[in-house]
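*Asks:* following is a predicted model, sequence given first.
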Amino acid sequence: MRLIYLDYNATTPVAPEAQEAILPFLSEYYGNPSSQYVLGRAAFEVLEESRFHLANLLRCERSEIIFTSGGTESCNLALMGTAFCVAPRGSGHLVVSSIEHPAVLQTAKFLESMGYGLSIVTPNRQGIIDPESVMEAIQENTFLVSITLAHHETGILQPVSQIAERCRLAGVLVHADACQAVGTIPVHVARLNVDLLSMSGHKMYASKGIGALFVRHGAPILPILHGEENECGLRSGMENVPGIVAFGKMANVAEKYMQQSMERMTHFRNQIETILTKTVPGLIVNGKDTERLPNTSLLTFPRVFADQMRQRLPELCFSTSSSPLGRNDKTSPALSALGRSAAQIQGTIRLSVGRFNSEEQIVRASEMLASAWENLQTT
C-alpha cells in the first residue's frame with residue numbers, strides 16, 4: 001500500500017536536514033548548555049544559533065525567543081504568564097475567539113475557573129474575527145486578547161494586525177497563536193504588532209516536543225514552570241537541545257525557500273479543489289473566497305459521512321470532522337460560523353499538503369476521493 005500523506009496541518013515528517021542536524025547532539029555533543037566545559041559550550045552555541053534562525057524568521061531579537069516544549073506550552077505560558085503578572089488573583093479579564101485551538105481556549109477557560117473574566121468572540125459568516133467585535137468585548141480590566149493567526153481547520157487567516165493595532169491604543173496586550181502559520185507563510189511580529197506569539201516545531205518539519213514563544217521586550221509575563229531559571233527566567237528545565245537544533249535548522253530552511261514553497265503548496269491545493277469541484281457536484285470549498293494558508297483545503301462532501309470515505313481510503317491520510325481536528329465531539333465552531341449544518345460538518349474533510357507531496361500524489365488522491373464519494377452514493 002502506497003500511503004499518501006495529506007495531513008501536514010496535524011504534524012509534519014521530520015525533514016532530512018533536521019534529522020542530520022540532530023544526530024551529533026544525540027551522541028557526541030550531549031552536554032548541558034548551562035555547563036562551562038566544552039560539551040556544554042557546544043550545546044549552548046547551537047542553542048543560540050537556533051534562536052537566531054527563529055528570530056530571523058520572525059524579524060525579532062534573539063532575546064525575544066523563549067524555547068518551550070511545544071505550541072501548547074507556549075500558549076499556556078502566554079495566557080497564564082501574562083495573567084499572573086498583570087492581573088494576579090483573578091483581577092482581570094481576557095478575550096479569545098470561539099475558533100481558537102484548545103491550547104488557547106481551554107487555558108482561557110481554566111483562568112476563568114480561577115476567577116478571571118472571559119469573553120469569547122465569534123467569527124462572521126466568512127470565518128473571520130471582526131476587529132470591532134473584539135473591541136466591543138474589551139472591558140476596563142481587560143489585560144489580554146488572544147487570536148489565532150491561521151485557523152487549523154479552515155486555514156483562514158485572521159486580521160491579527162488590525163486587532164493588535166486597536167488593542168495597543170486601548171492598552172491591551174495581544175497574543176497570536178501562529179503554530180499553523182510560522183514556516184508556511186511569512187510571519188513578521190513587527191507587522192503583526194503583537195506582544196506574544198506561539199509557534200511549534202513539529203508543524204514545520206522539525207521534531208515533536210519543541211516550540212517557542214515570542215515575548216516582546218518589556219511585555220509583562222511570569223513563568224508558569226519553576227526551577228532553574230533558564231530561557232531568560234521564563235522557562236525552567238534543561239533545554240531540549242536536539243529539538244531546538246531541528247527547530248532552528250527548519251526555520252532557516254523556511255526562510256530561504258518560503259516563496260517557492262508557498263507557490264508549490266498553492267498549486268497543489270488549487271489542483272485538488274479544481275479536480276474535486278468538477279467531479280463532485282455540490283462540493284463546498286470552505287473559505288475559498290477568503291485569504292487562506294496556501295496548503296489547506298477544507299472540503300464538505302454532500303450526502304456522506306467523511307469517516308465513511310476515510311474507511312474506504314486506507315491509503316490516504318487526512319483529517320475528518322471527528323478527529324484529529326482538536327475536538328472530542330462532532331461540532332466545529334469554525335464550520336458552524338461558516339453556516340454549515342451538523343450533517344455538512346460530518347461530511348467535511350481537511351486536506352493539508354506539504355513538502356513531500358508530488359504532483360502524481362495530488363492527482364491520484366483527488367481521483368480516489370471523488371471515486372469514494374461516488375461509490376457511497378449508490379450504497
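*Replies:* On my side now, so go ahead.
*Asks:* residue 176 contacts residue 146, correct?
*Replies:* Yes - using Cβ atoms under 8 Å, residue 176 makes contact with residue 146 at a distance of 7.4 Å. Just so you know, the C-beta spots here come from the backbone N, C-alpha and C atoms, and that holds for glycine as well.
*Asks:* higher neighbour count, those two?
*Replies:* Between residue 176 and residue 146, counted using other Cβ atoms under 10 Å, residue 176 has the larger neighbour count: 32 against 25.
*Asks:* give the residues shared as contacts by residue 176 and residue 146.
*Replies:* With contacts defined as Cβ atoms under 8 Å, 6 or more residues apart in numbering, no residue is shared by residue 176 and residue 146.
*Asks:* domain parsing for this protein?
*Replies:* Per automatic domain parsing, the structural domains of the chain span 4-11+258-376, 16-253.
*Asks:* for residue 162, give its distance to residue 173.
*Replies:* Counting by Cβ to Cβ, to the nearest Å, the separation of residue 162 from residue 173 is 16 Å.
*Asks:* neighbour count for those two, which is higher?
*Replies:* Per other Cβ under 10 Å, whichever of residue 162 and residue 173 has more neighbours is residue 173, with 24 against 16.
*Asks:* tell me where the chain has helices.
*Replies:* For the chain, applying DSSP state H gives helices covering 16-22, 38-58, 71-86, 102-113, 131-137, 160-169, 189-192, 241-279, 306-312, 333-337, 342-346, 359-376.
*Asks:* which non-adjacent residue is nearest residue 364?
*Replies:* residue 4 (6.8 Å; Cβ to Cβ, 6 or more residues apart in numbering).
*Asks:* residues in contact with the one you found?
*Replies:* Contact analysis of residue 4 by Cβ under 8 Å, 6+ apart lists 315-317, 357, 361, 364-365.
*Asks:* pull out the buried members of those residues.
*Replies:* Among these, those classed as buried by 16 or more other Cβ atoms under 10 Å are 316-317, 357, 361, 365.
*Asks:* and of these, the nearest to residue 168?
*Replies:* residue 357 (39.5 Å; Cβ to Cβ).
*Asks:* can you name the residues that contact the closest one?
*Replies:* Residues near residue 357 by Cβ under 8 Å, 6+ apart: 4-6, 268.
*Asks:* same question, residue 43
*Replies:* Going by Cβ under 8 Å, 6+ apart, residue 43 touches 25, 29-33, 35, 241.
*Asks:* likewise for residue 54?
*Replies:* 65, 199, 212, 247-248, 251.
*Asks:* can you name the residues that contact the residue lying closest to residue 337 once chain neighbours are set aside?
*Replies:* Nearest residue to residue 337, sequence neighbours excluded (Cβ to Cβ, 6+ apart): residue 123, at 4.4 Å. Applying Cβ under 8 Å, 6+ apart, we find residue 123 in contact with 97-99, 129-130, 334, 337.
*Asks:* restricted to strands, list the residues you listed.
*Replies:* residue 97 (DSSP state E).
*Asks:* tell me the two of the contacts of residue 123 that are most distant?
*Replies:* Farthest pair in the contacts of residue 123 (Cβ to Cβ) is 130 and 334. Separation: 14.8 Å.
*Asks:* so for those two, which sits in the more crowded spot?
*Replies:* residue 334 (26 against 16).
*Asks:* next, count neighbours for the closest residue to that one other than its chain neighbours.
*Replies:* Residue nearest to residue 334 in three dimensions, not counting chain neighbours: residue 99, with 4.6 Å by Cβ to Cβ, 6+ apart. If you count neighbours by other Cβ under 10 Å, residue 99 ends up with 28.
*Asks:* likewise residue 26?
*Replies:* 11.
*Asks:* was I right to think it contacts residue 242?
*Replies:* Yes - when contacts are counted by Cβ under 8 Å, residue 26 is listed as touching residue 242 (5.7 Å).
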